[in-house]
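In: Sequence isn't available, so here's the structure alone:
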């Protein structure tokens, strides 16, 4: 990424080794999601998608919280039509994150409430600090939201509990429910993120992207349809990846590992 785009509510960094970090950058507002951030998330995803040097993206946040939810101050005085339009902008931002063909890791610390939960759920998986907390306050605010990604992660019954009650889920429970993959102490977090992102960036980018596509598209169809999706991906991978070289080097690597 030779020239990094500049944003008002986000910060985009690249390490030169295929890892890009997209930071939510409204720390004074606990990274509350406003209209500008919605638009900039969508634009940043387009820029990341177009950059062939980026192999994996990490989504993080500045300040004490990952994202405290939607910016409710922005919504004061809105008409129902304006509120619907604002919600569409949020949906568009979540969809842009979800549609990114490159692996997208959410790294959550502190509060991930409301829109913060949706942002994290739109990523491929979540790493969290031990002080991370998740909350779905939509019902308590008299609105409807988070009804699609959440049940696909935690199941129908638990999704209803979390949405109906709006209770806080700590990092330990979030891991048990599948909201997050791994939980780390804050002092270990940066190293854990770097290790995970580095492992993914070292893999063949086309193979990783095709694997992601197969999983995401396959879950939305029948078993037979999913197998067809995987077969098409296998054929594309065979045409465009270095799988023969990888297989040829497998025996040598095994011998070297045994010798060591």
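Out: Thanks, I have it. What you see is a predicted model; the values in this text were computed from it and never measured. Numbers count the residues shown, from 1 in each chain.
In: Can you list the low-confidence ranges for this protein?
Out: For the chain, the stretches with pLDDT under 70 are 1-2, 241-260.
In: how about the helices in it?
Out: Secondary structure of the chain by DSSP state H: the helices cover 35-50, 72-75, 80-99, 115-121, 149-154, 156-165, 171-177, 186-201, 205-218, 223-240, 243-248, 250-259.
In: Make a markdown table from these and add distance to residue 59 to it.
Out: From N, CA and C alone the C-beta is placed, and that goes for glycine too. Below are these laid out as a markdown table (distance: least, C-beta to C-beta, whole Å):
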| stretch | distance to residue 59 |
| --- | --- |
| helix 35-50 | 9 |
| helix 72-75 | 21 |
| helix 80-99 | 7 |
| helix 115-121 | 7 |
| helix 149-154 | 15 |
| helix 156-165 | 21 |
| helix 171-177 | 16 |
| helix 186-201 | 10 |
| helix 205-218 | 15 |
| helix 223-240 | 25 |
| helix 243-248 | 29 |
| helix 250-259 | 33 |
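In: For residue 64, which of these is the nearest?
Out: Among the helices of the chain, the nearest to residue 64 by C-beta to C-beta is helix 186-201 (11.4 Å).
In: just the helices of the chain: most buried one?
Out: helix 115-121 (a mean of 26; mean count of other C-beta atoms under 10 Å).
In: Now do that helix: which elements does it pack against?
Out: helix 80-99, strand 104-108, strand 133-135, helix 149-154 (3 or more C-beta pairs under 8 Å, 6 or more residues apart in numbering; DSSP states H and E).
In: how about TSV for those, with distance to residue 217 added?
Out: Rendered in TSV, the data for the helices and strands packed on helix 115-121 read as follows (distance: least, C-beta to C-beta, whole Å):
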stretch	distance to residue 217
helix 80-99	11
strand 104-108	16
strand 133-135	27
helix 149-154	14
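In: Which among those is found nearest to residue 10?
Out: Going by C-beta to C-beta, the one of the helices and strands packed on helix 115-121 nearest residue 10 is helix 80-99, 10.8 Å.
In: show me the contacts for the closest residue to residue 219 other than its chain neighbours.
Out: Distances taken as C-beta to C-beta, 6 or more residues apart in numbering place residue 226 nearest to residue 219, at 7.4 Å, with adjacent residues excluded. Residue 226 is in contact with 214, 217, 218, 219, counting by C-beta atoms under 8 Å, 6 or more residues apart in numbering.
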